[in-house]
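>>> Mind folding the following:
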Amino acid sequence: MFATGGLGGVHHPLPGATTTWDVSADLGTLAGTDILVVCSGMKSILDIPATLEVLETHSVPVLGYRTDDFPAFYLRSSGLPVPCRVDDPATAAAVVTAHRRFADSGVLLANPVPARFELDRAEHDRLLAEGLEALRSRDVRGVDVTPALLEHFHTAGDGASLAANEALVVANAELGARVAAELVP
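Residues are numbered from 1 along each chain as shown. Take a look at the predicted model:
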């Protein structure tokens with residue numbers, strides 16, 4: 001069991017490129033480790049459709065907790081559906097148990113950020129566009145991309161993203177503990 005804020009994933013290609021090789025090690029670890037990861041989806045700065053495709057390719061089940069929409073870290077919905085919805089910790093634990101009988105890969109349980117902490121979508125999109133432009137102008141690449149973008153969200157967003165981040169980590173840890181209790185015989 002592992003509870004965190006947001007999962008890493010596939011970054012958007014750099015300007016002028018059609019693909020990216022910048023893929024978080026989170027995905028490979030989840031593909032090869034029998035673990036349940038509870039998070040609020042991928043960080044919204046990532047290529048979420050590509051990341052979900054990588055998880056599917058590696059037989060990592062993706063569950064949405066009390067949602068039909070895959071969350072995007074600061075946002076309750078990425079606009080993409082979750083492949084499977086669960087509405088309580090016992091059902092999540094049952095899916096994990098069933099999966100473990102057939103595969104060695106992990107399971108992702110996506111828990112949306114608490115509604116009162118969700119960033120306004122227009123504000124989120126503005127911060128993301130500004131952050132991406134700052135990355136391009138400063139030629140930030142590789143492992144420095146995510147920290148730079150998250151820092152931009154924290155500083156340019158008047159602390160709203162930090163409050164959201166704290167709230168979603170607590171919510172994910174609480175949900176993880178409840179599912180873990182269901183997994184113990």
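>>> where's the helix or strand hosting Glu53 relative to the chain centroid, distance-wise?
In this structure, Glu53 is located in helix 48-57 according to DSSP states H and E. Taking Cα atoms, centre = their mean, to the nearest Å, one finds the center of helix 48-57 at 11 Å from the center of the full chain.
>>> What ranges does the protein have for its helices?
25-32, 48-57, 89-102, 121-138, 145-156, 160-183 (DSSP state H).
>>> about what we covered before: quick one: buried residues of the helix holding Glu53?
Residues Ile48, Ala50, Thr51, Leu52, Val54, Leu55 are the ones in helix 48-57 that count as buried (16 or more other Cβ atoms under 10 Å). The C-beta positions use only the backbone N, C-alpha and C, and glycine is treated the same way.
>>> Per-residue confidence, the last one, what does it come out as?
This points to Leu55. You'll see Leu55 listed with a pLDDT of 95.
>>> The residue nearest to it when sequence neighbours are not counted: neighbouring residues, count only.
With Cβ to Cβ, 6 or more residues apart in numbering as the criterion, Leu55 has its nearest non-adjacent residue at 5.8 Å, and that residue is Val62. If you count neighbours by other Cβ atoms under 10 Å, Val62 ends up with 20.
>>> ditto for Ser59
By other Cβ under 10 Å, 13 other residues sit near Ser59.
>>> From the contact counts, what lies against the helix holding Glu53?
Counting by 3 or more Cβ pairs under 8 Å, 6 or more residues apart in numbering; DSSP states H and E, the packing neighbours recorded for helix 48-57 are helix 25-32, strand 62-65.
>>> Export only the CA atoms of it, formatted as CSV.
This file holds the C-alpha atoms of helix 48-57, laid out as CSV (Å, rounded to 0.1, in the frame of the first residue of the first chain):
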residue,chain,number,x,y,z
ILE,A,48,-2.7,11.9,-19.0
PRO,A,49,-4.1,10.0,-22.0
ALA,A,50,-0.6,8.7,-22.8
THR,A,51,0.1,7.8,-19.2
LEU,A,52,-3.2,5.8,-18.9
GLU,A,53,-2.2,4.0,-22.1
VAL,A,54,1.1,3.0,-20.6
LEU,A,55,-0.6,1.7,-17.5
GLU,A,56,-3.0,-0.3,-19.7
THR,A,57,-0.1,-1.7,-21.7
